[in-house]
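> Whatever this is, show me its structure:
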Amino acid sequence: MKKNILVTGGARGIGAGIVRKLAEKGHNVGFCGRAAAETAAPFLAELQQEFSGRFAYFQCDVSSAADREKMLDDFIAAFGSIDVLVNNAGVAPENRSDLLDMSEESFDRVMGINLKGPFFLTQAAAKRMIADKNSEFKCIINTGSVSADYASINRGEYCLSKAGVAMATKLFSVRLADEGICVYEIRPGVIKSDMTSVVSAKYDKMIAEGLTLQRRWGMPEDIGKAVLMLVEGALAYSTGQVINVDGGLTIERF
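So this is what the prediction gives:
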């Protein structure tokens with residue numbers, strides 16, 4: 001059944017991979033980013049030309065309460081209802097610095113976009129989902145990270161934000177279970193994207209030396225496939241769970 005799906009941070013990188021996979025299966029997808037609409041126009045036109053669903057782009061800074069509310073209102077106006085929220089928007093620190101040198105400004109920026117934004121967007125979207133009794137299956141999917149467990153002392157604020165996302169997934173899965181809304185966390189490993197481009201040489205070497213069991217980069221479409229599986233109810237009896245998409249990175253081994 002065709003779903004109305006909102007994907008944050010959907011104009012590029014992992015988000016664009018998610019949007020494209022959903023579009024390939026005929027779902028209606030709204031996606032957002034902080035950039036002006038003109039920036040996302042080529043991707044939006046591409047989706048409209050290639051696929052049968054309905055698509056829209058919304059300019060939104062998810063760390064802003066006003067932006068979040070406006071985006072949800074605009075999404076409902078465009079699509080009629082919201083069946084699925086994919087909290088994918090996220091940023092790394094602008095400057096990777098030692099934990100002892102991390103600034104409060106960097107901490108606030110990363111936590112605002114990576115944790116506060118999706119937490120309160122989930123809160124607001126869930127209320128709209130609860131009020132709508134028409135959809136057979138609703139879910140909320142958070143894009144987490146292996147950094148929820150793996151400590152990186154030169155980007156501590158990012159690790160803290162993703163650890164928070166992991167707990168938010170658990171919290172909302174408990175609160176929304178009786179409302180018939182499943183909540184999941186997809187936890188990517190090393191994914192080829194804008195965020196990892198600045199350290200691509202480092203990870204090329206580490207992957208070649210066995211960092212991951214499957215010796216390749218993860219791609220945005222790998223995350224998109226996992227999101228699609230959840231959206232279409234393949235794990236409808238697994239709320240609150242973490243789905244690792246990491247090429248075996250997190251397998252404990254000698």
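> The helix ranked longest in the chain - contacts with which helices or strands?
The single longest helix within the chain, with elements called by DSSP state H, is helix 156-176. In terms of contacts (3 or more Cβ pairs under 8 Å, 6 or more residues apart in numbering; DSSP states H and E), helix 156-176 is packed against helix 104-111, helix 117-131, strand 138-143, strand 181-188. No exception for glycine: its C-beta is placed from N, CA and C like everyone else's.
> can you rerun that using 10 Å?
Helix 156-176 sits against strand 84-87, helix 104-111, helix 117-131, strand 138-143, strand 181-188, strand 242-245, with contacts defined as 3 or more Cβ pairs under 10 Å, 6 or more residues apart in numbering; DSSP states H and E.
> tell me the angle of that helix relative to strand 138-143?
Computed by axes from the mean of the first three to the mean of the last three Cα atoms, to 10 degrees, the angle separating helix 156-176 from strand 138-143 equals 160 degrees.
> May I see the buried residues of helix 156-176?
Neighbour counts over helix 156-176 (16 or more other Cβ atoms under 10 Å) mark 156-166, 168-169, 172-173, 176 as buried.
> and of those, the nearest to residue 254?
Checking those against residue 254 by Cβ to Cβ gives residue 159 as the nearest, at 25.0 Å.
> give the contact list for the closest residue to that closest one other than its chain neighbours.
Once flanking residues are discounted, residue 159 sits nearest to residue 147: 4.6 Å by Cβ to Cβ, 6 or more residues apart in numbering. Applying Cβ atoms under 10 Å, 6 or more residues apart in numbering to residue 147 gives the contacts 92, 155-156, 158-163, 165, 187-189.
> 6 Å instead, please
Neighbouring residues of residue 147 by Cβ atoms under 6 Å, 6 or more residues apart in numbering: 158, 159, 162.
> on that earlier part again, most packed of the helices and strands packed on helix 156-176?
Each of these was scored by mean neighbour count; the highest is strand 84-87, a mean of 28, by mean count of other Cβ atoms under 10 Å.
> Any idea how far that one is from the middle of the chain?
7 Å (Cα atoms, centre = their mean, to the nearest Å).
> now swap in stretch 38-55 and tell me
How far stretch 38-55 lies from its chain's middle: 19 Å, per Cα atoms, centre = their mean.
> And for stretch 169-180?
With Cα atoms, centre = their mean, you get 18 Å for stretch 169-180.
> hmm, who's touching that stretch?
122, 126, 130, 142, 183, 185, 239, 240.
> Quickly check these for the two that are furthest apart.
Comparing every pair within these by Cβ to Cβ identifies 130 and 185 as the most remote, at 20.8 Å.
> Report the residue spans of the stretch 1-150 of the chain with pLDDT below the cut-off.
Scanning the stretch 1-150 of the chain for pLDDT under 70 picks out 135.
> That one: strands as residue ranges?
Taking DSSP state E, counting those that start in this stretch to define them, one finds strands in the stretch 1-150 of the chain at 4-7, 28-33, 55-59, 84-87, 138-143.
> So for residue 99, which of the ones you listed sits nearest?
Checking the strands of the stretch 1-150 of the chain against residue 99 by Cβ to Cβ gives strand 138-143 as the closest, at 23.8 Å.
> Nearest to the spatial middle of this structure, which residue is it?
Residue closest to the average C-alpha location in the chain (Cα atoms, centre = their mean): residue 88, at 1.8 Å.
> isn't that residue right next to residue 8, touching?
Yes: assessed by Cβ atoms under 6 Å, residue 88 is found in contact with residue 8 at 5.3 Å.
> returning to that earlier point: using TSV, please lay out the helices and strands packed on helix 156-176 together with distance to residue 50.
Converted to TSV, these look like this (distance: least, Cβ to Cβ, whole Å):
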stretch	distance to residue 50
strand 84-87	20
helix 104-111	34
helix 117-131	27
strand 138-143	23
strand 181-188	24
strand 242-245	24
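> roughly how far apart are residue 26 and residue 132?
The gap separating residue 26 from residue 132 is 20 Å, by Cβ to Cβ, to the nearest Å.
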